[in-house]
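*Asks:* have a look; sequence and predicted model below, questions after that.
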Amino acid sequence: MKDKPRAKRPRVPSLVVLLLPWAVVYGAFFVFPFVFSFVLAFLHYNPLSVHATSWAGLENFTRLFGDERFLRALRNTLLFVVGTVPVTTAAALGLALLLRGRVPAKGAFKAGFFLPSVMSAVVISLLFKLFYAPNGGLNHALSLAGITGHGWLTDPRTALAGIMVMDVWAAVGYYAIIFDAAFAGIPKEFYEAASLEGAGFRDTLRYVTLPALGPVIVFVLVINTIRSFQIFIEVFVMTQGGPLGATDTLVLYVYEAAFRNLDYGYASALAYAVFVLSGVFSIVAMKRFRPRLSLGGGG
Amino acid sequence: MARRLLKFAGLLAVFAVMAYPLAWMLSISLRTGEGIGLRYFKEVWRAGPFDRYFLNSTIVVVLVLAGNIVFCAMAGYAFARHRIPGGRVLFFLVISMIMLPKQVILVPLYILMQKLHLLDTYAALTLPFAVDPFNIFLIRQFLVTIPRDCEEAARLEGAGELTILFRVVMPMLKPALAVVAIHTTLINWNSFLFPFILTNTASMRTLPVGLALLSQGAHSIDWGHLMAGAVIASLPVIIAFVIFQRQIISGLTSGMTK
Amino acid sequence: MRPILRKLVLPVALAALAGCGGGEADDKPLRFWQFWDSAVMEPMIREFEIRNPGIKVEVEQLTWKSGLEKIQAAVASGTQPDLCELGSTWVPRFSYEGVLEDLTPVYTEIADSFIMWESAAWKDRMYGLPWVQGSRALFYNTDLFTRAGLDPDRPPQTWDELLDAARRIDGLPGEVSGFGLNLGERYVLFKKFMAFAWGNGGSVFAADGSVVFDSIENLEALEFYRELAKYSLKEKQEVLDHFFKSGQLGMQISGAWNLKNYAIEAPGLKYRIALVPKPAGDRGEHASFAGAEMLVVFKSSARKADAIKLARFLQDYPQAKKLCLDVQSVFPASKIVFKDEAFVGDDKTRVFIDQSLTSQTAPPHPGWIEMEEVIDRSVEEVMYGRAEPREALKKAADEIRRIAGRFQ
C-alpha cells in the first residue's frame, strides 16, 4: 500500500492512525469529565445530594463579578504569574547559557539544578514553611549579615513574595534543563557562521541563539504561565491563603468552593475563569513573542 | 579565562542555593533521636508494603512514559506536519486540557472510572495519563522549527507516514523526547491526588500516597519519616536522570548531522 | 431552560449516573473507611471478624488532608462505604444532606456511656457515634515559670493570672515569649479563640438557634485575646511547637498529640499541663475546644446492622483504648476513660481527660465549615490590627446569619 511517488499529502487513514491513540484516551477519559465539569458550572451541584441538583443558568458566573474573594484571589494570582514567569524564564535561560561550552563537572551541576524539580511540591512547601519561620534557615542566614528577620509567612506583606521566591527556586532548574536540551538542537553551523562573521558574545546571543530558541522560549513562557495560574498546593500547605487573604489564589478558591463549601457549580465557574485567563495570557504571549524571536524560516 | 572562572563561580553559587534546602532535608532524615542513623529510612521502608508502593510507582511511570513517548509523538507529528480538518479546533482541545484546573475533573473522573469498573486498577493509574497534552504541545512546537526536508525525501521514496515518523522524525525529536521523558516521569512519579482518589487498596498504592499516609498526621507532621521517605522517593528519579543524561547527550551529538 | 428539563431530566440523569454502583449481595465485604494507621487498625478488624464469623471487613485508610475529597467523590458516585469515620465538624453537614443513617435507636441505648454526642445531633435525631476525642489544654514550661517568679505548681487559673504570667515570661531576657498564639494559618484560629469565648459563657448560637456571635461575652473574650497577644509569639502551630520545645515559649494551648512529640524531640523539656483558664475565680468555665471523631453509617449501605456492629465494637472501651494508646493523640469517647488509671493516673493525660468534661466541639450546624472560616477571618483581622473587636464580631455575626439562612 505505497503512496504514489508524487503524493505530497498523506492519505487520511494515516492521519487517523496517528491521532487515534490520543483521541481514544481523550475521548474515553476526558470528554466526559470535561463536559461534566463544564455543565457543572451552570448547575447548583452538591456531591452529597446529587438528586437535588438544579439549574443555575449563569448565576455562578455573574456571582463571580461581585465576589470580593474572587477579585482578591484574581489579583494575587495575577501578581504571582507576572512576578514569577518572566523571572523564572530569564533565570532558566541564563542558567542554560552558563552551562554551555566546556564546563567542568557539567553533569553534576545539571543534576544539582534538577534536584528541586525531583521533589514533590508538598515536600518543598513543607521545607520552605520551616525555612521562612522566625527560627528558620532564612533568618539564620540573615542574622549572619546582621539582619533580624521575622516570620515571613505570617506577615501579609511578605507572604506572597515568599511563595513566589520558592516557586522560582523550584522551577528554574527544570526549565534550564529544557533550554539546555533545546540548545543542543541548534545546528552548529549557525554558530560557526556567526563567529566567522566576527560576532561577539552579545551579538551571537541576540542574532543567533535567542531567535533559534524562539519557539522554545515561547513554549516555556506559555507552559509556565498556565502552570502559575494554577498555583495551589504550595499555598494550601504553607498558608492556606492567609494571612488576611494575602496568598489567596484562584485555584485555592476552586478547591475550597468544591471540597469545603460543597458548591461544585461555583467551583467549576471559578475553574473556567482560570481557564479563560490562562488561555488569554497564553495567546497573548504566543502572539507577542513569536515575531520577535523566531528566525526567518524556522517559525 | 576570567570569564571561565566567573562562569564557574556563578554555577557554583546557583548550585549552592539549589542544594541547600535539600541538604537540610537530608540532614533531618538522618538525625534520629540518637545521633545520626538510618533509623527513619528503615522504618519508612518497613511501614506498609513499601516495596509494593515502589513497584507500583515504577510500573505506572514506565507504562505512562512509554505511552507518552509513542502516542504523543504520533499526535504531535500529525498536528505539526499535516493539515487536519478542524485541526485548529482539535489542537485547541488538546491544549485546553492543560489550562483547566484539575480539581474540577476529580469527581467527574472518579465517577467515570467507577462506571467503567476501573477503580483500583493499574488502568486507572495509567490510562488517563498515557497521552499528556503537554507533551503533544511540546513535540508539535519543537517539530515546527525543524525543516521538513528529510520527511519529504522519505515520502518521495514511498515511505508511509508511520515509517516516516518512527524512522526519520523520532531521531530528530530526541531533545524534545528528552524533555517529554523528564516531564512525564516527574509528574507521574510524584503524583498524589489522583492516585489516591482512584485507588482503594494498599496493594495498588503508589509511593506518594504511601508516604502521605505514613507521615502526615492529623495535627503534626512526622519530619524524620517524611524526609526519609522523600529522599527514598527522589533517588530513583535522580539516578534515572543521571543515566539518561548521558544517553541524551550522546544521542544528540550523534544524530544532528543529516 | 424548560422547567421539565430543569427539574426532572437533570436530577434523574445525574442520579442515574451516580446511582448504579451500589452493591446488593451479602457476600461483599463490609466497607469501612477511616483515617488511622492501618497497622493499628488491622489487628482490631481481624479480632472483629473472628468474633463475628461471616462478616468480612475491608478497611481503607484515608489521608487527613485529602480524605474528605474521596468521601465526597464516593457519595457523588454512589460508592460510599458502609461505615465511615468523620470528623465532628463535618457530621452536621452530612446529616443535613440526608446521606447518613439515623442512629437514634443506638443512641438511646448507649447515650450515658459516652461523651461528645453534640455534633451527631440534627433535628432531634442522632446520626453518629462518638469514637475518640481530644481536647486542647494549656501547656506551660515550669522552668520559665520559675525564672519569671511564678509558682510552677500553681498554673494560671484565671484570665488575669494568664495575662500576668504571659507578661512576666515575655519580659524575661533573651528570645522568650510568654504565650503562643496561632496566626498565619487557617482552620485553627477558631479552636483557640472559642475556648476563651465559651469559657466566658459566649457562643456562636443561642439555645433557640439564633446567631449570637456578636454577644458581649464574645466581645470580652476577643478583647482579652487581643490583650494576650501583646505578650505572645504569633505564629503557625509548627513554629509555636518548635519554640515551646526549645524552651523559649512559656505557654500555649494545644492538644495531646504533643505529649508524644515532646517526649521524643525534647526529652529534657520540663513542662506541665493545666486546664484552660477561666475568666475569673467566681465566674465562667475552664472551657476548651475538643475535636471528636465520629463513626457514621451511610444510608445507602446494604449492611447497616453489620456496620453498626462494627461501630459498637470499635467504640467499646478495650478497642478505643488500644487505638488511643497506640496513636497517643486522642482519648476514648467512652466514659470509662474517666476511671482508667492508664489515662487518669498520668499527670499530663489526666488534665486532658478532665478538660474534656468542659470542652465543646464546633456547633453542630451544616454550614459550619463556612462559618468557621468567617470566625477565623474576624479573629485574624483583630490580631493584625485591621479591625476593632466589636466591628469584627458584628461583621462576622452578620455573615454567619447569612450562611445559616441558606440551610433552613
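*Replies:* Cool, the structure landed.
*Asks:* so which helix or strand takes in residue A:221?
*Replies:* Per DSSP states H and E: residue A:221 is located in helix A:210-229.
*Asks:* which helices and strands does that helix pack with?
*Replies:* Applying 3 or more Cβ pairs under 8 Å, 6 or more residues apart in numbering or on different chains; DSSP states H and E, we find helix A:210-229 packed against helix A:68-98, helix A:159-184, helix A:264-293, helix B:87-99, helix B:133-144. Any C-beta I mention is one placed from the backbone N, CA and C, and that applies to glycine too.
*Asks:* mean pLDDT for those helices - can I get that in TSV?
*Replies:* As requested, the helices and strands packed on helix A:210-229 are exported to TSV (pLDDT from 0 to 100):
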stretch	mean pLDDT
helix A:68-98	94
helix A:159-184	90
helix A:264-293	86
helix B:87-99	81
helix B:133-144	86
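*Asks:* ok, which of those comes nearest residue C:210?
*Replies:* The closest of the helices and strands packed on helix A:210-229 to residue C:210 is helix A:68-98. By Cβ to Cβ, the value is 25.9 Å.
*Asks:* tell me what the closest one is packed against?
*Replies:* helix A:159-184, helix A:210-229, helix A:250-259, helix A:264-293, helix B:2-30.
*Asks:* what would the ones you listed look like in a markdown table with distance to residue A:98 and mean neighbour count?
*Replies:* Below are those laid out as a markdown table (distance: least, Cβ to Cβ, whole Å; neighbours: other Cβ atoms under 10 Å in any protein chain shown):
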| stretch | distance to residue A:98 | mean neighbour count |
| --- | --- | --- |
| helix A:159-184 | 9 | 22 |
| helix A:210-229 | 15 | 23 |
| helix A:250-259 | 33 | 25 |
| helix A:264-293 | 20 | 20 |
| helix B:2-30 | 5 | 15 |
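*Asks:* nearest to residue A:93 among the ones you listed would be which one?
*Replies:* helix A:159-184 (5.6 Å).
*Asks:* could you pull out the strands for chain B?
*Replies:* According to DSSP state E, chain B carries its strands in the segments B:31-32, B:35-36.
*Asks:* test my guess that residue C:228 contacts residue C:163.
*Replies:* Yes. Between residue C:228 and residue C:163 a contact is recorded at 6.1 Å, counting by Cβ atoms under 8 Å.
*Asks:* show me which residues of the stretch 151-299 of chain A sit near chain C.
*Replies:* Neighbours of chain C within the stretch 151-299 of chain A, by Cβ under 8 Å from any Cβ of the partner chain: A:151, A:153-154, A:156, A:159, A:239-245, A:259-262.
*Asks:* so what's the residue count around residue A:139?
*Replies:* 19 (other Cβ atoms under 10 Å in any protein chain shown).
*Asks:* and it, how far from residue A:157?
*Replies:* 16 Å (Cβ to Cβ, to the nearest Å).
*Asks:* so where is the stretch 1-150 of chain B shaky, pLDDT-wise?
*Replies:* B:33-34 (pLDDT under 70).
*Asks:* now residue 126. Nearest residue, chain neighbours left out?
*Replies:* Defaulting to chain A. In space, and not counting its chain neighbours, residue A:126 is closest to residue A:237: 6.1 Å by Cβ to Cβ, 6 or more residues apart in numbering or on different chains.
*Asks:* that's the wrong chain, I meant chain C
*Replies:* In space, residue C:126 is closest to residue C:107, 4.0 Å off (Cβ to Cβ, 6+ apart).
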